[in-house]
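In: Return atomic coordinates for the entry below.
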Amino acid sequence: MNEAVTLAKHIDAADRVVIFTGAGISTESGIPDFRSPGGVWSKMQPIYFQDFVNDREARREGWRRVFERTAGWTGATPNAGHHAIAKLVEMGKVTSVVTQNVDNLHQDGGVPDDKVIEVHGNASYAKCLNCGKRYDYETLRPRYEADEDITCDFCTGLLKSATISFGQAMPEDKMMFAESEALSCDLMIALGSSLVVYPAANIPLIAKQNGAKYVIINREETEHDVYADLVIHTEIGPLLRETMSELGTPLT
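Out: Numbers count the residues shown, from 1 in each chain. Reported below is the predicted structural model:
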């Protein structure tokens, strides 16, 4: 049977679908992934959280990467995969999107912010590490250009890109929300994730262990393939575009 037809049948039969996304959905928009040859970490070393907090030069390098867009995590546009997910949310099929990505493309593609659970943060804005106040990057650019240490206007805490860095604690509220959604769904679809980065990669397994069907769509094999009810090795955008047509709601 055609892969899009099979996937459409799984979605049609489900009442509550949770989508779990990794870098593979965004590489189709030109966002680099992290670990493959040519990926972000093959070009520059990650800045560990404790180094950012304790070393002004590490902070300076972190802000340089933000303002020069060195990592390439921002500035792309959503692709057919993002738009298909947004349509499934709009239809009421998908209750939430758990994402390891930091590029904001799900929101840009039309998924309401309260439906996106960003377990690794968001690269499109900064937050205070102390009080959580959110800042637009452009309001901080003058301080960066003046070589100032960038701190919060309200509590003087350090500001940092809202991504979760190596060595930084996972956002407990987001992880609890993601686990709750996994426990309440009857279909989990993992899209473009290597499924090797834990604890985030536990989320689909929680759904499977609770009785949900588990679908994996990724270009390469994953360690979770043996647990899945359906595995499709292909590009995400074209597959989801065809799947939406099979569901009777084609993308425009």
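
In: can you pull out the strands in the stretch 101-250 of the chain?
Out: With DSSP state E, counting those that start in this stretch applied, the stretch 101-250 of the chain shows strands at 116-118, 121-128, 134-135, 159-163, 187-191, 213-217, 230-232, listed in chain order.

In: Centre of the chain to the fourth one, how far?
Out: Taking CA atoms, centre = their mean, to the nearest Å, the mean C-alpha location of strand 159-163 is offset from the chain mean by 16 Å.

In: Where does pLDDT dip in the chain?
Out: Residue ranges of the chain with pLDDT under 70: 1, 33-44, 71-74.

In: Give me the domain ranges for it.
Out: Following the assignment in automatic domain parsing, the chain carries domains at 1-31+78-120+170-252, 34-72+123-163.

In: Let's have the ones you listed in JSON lines, adding mean neighbour count.
Out: Using the backbone N, CA and C atoms, a C-beta is placed for each residue, glycine as well. Supplementary listing: the domains of the chain in JSON lines, determined by neighbours: other CB atoms under 10 Å:
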{"stretch": "domain 1-31+78-120+170-252", "mean neighbour count": "19"}
{"stretch": "domain 34-72+123-163", "mean neighbour count": "15"}
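
In: quick one: contacts for the closest residue to Leu158 other than its chain neighbours?
Out: Once flanking residues are discounted, Leu158 sits nearest to Leu129: 4.9 Å by CB to CB, 6 or more residues apart in numbering. Counting by CB atoms under 8 Å, 6 or more residues apart in numbering, Leu129 makes contact with 53, 157-160.
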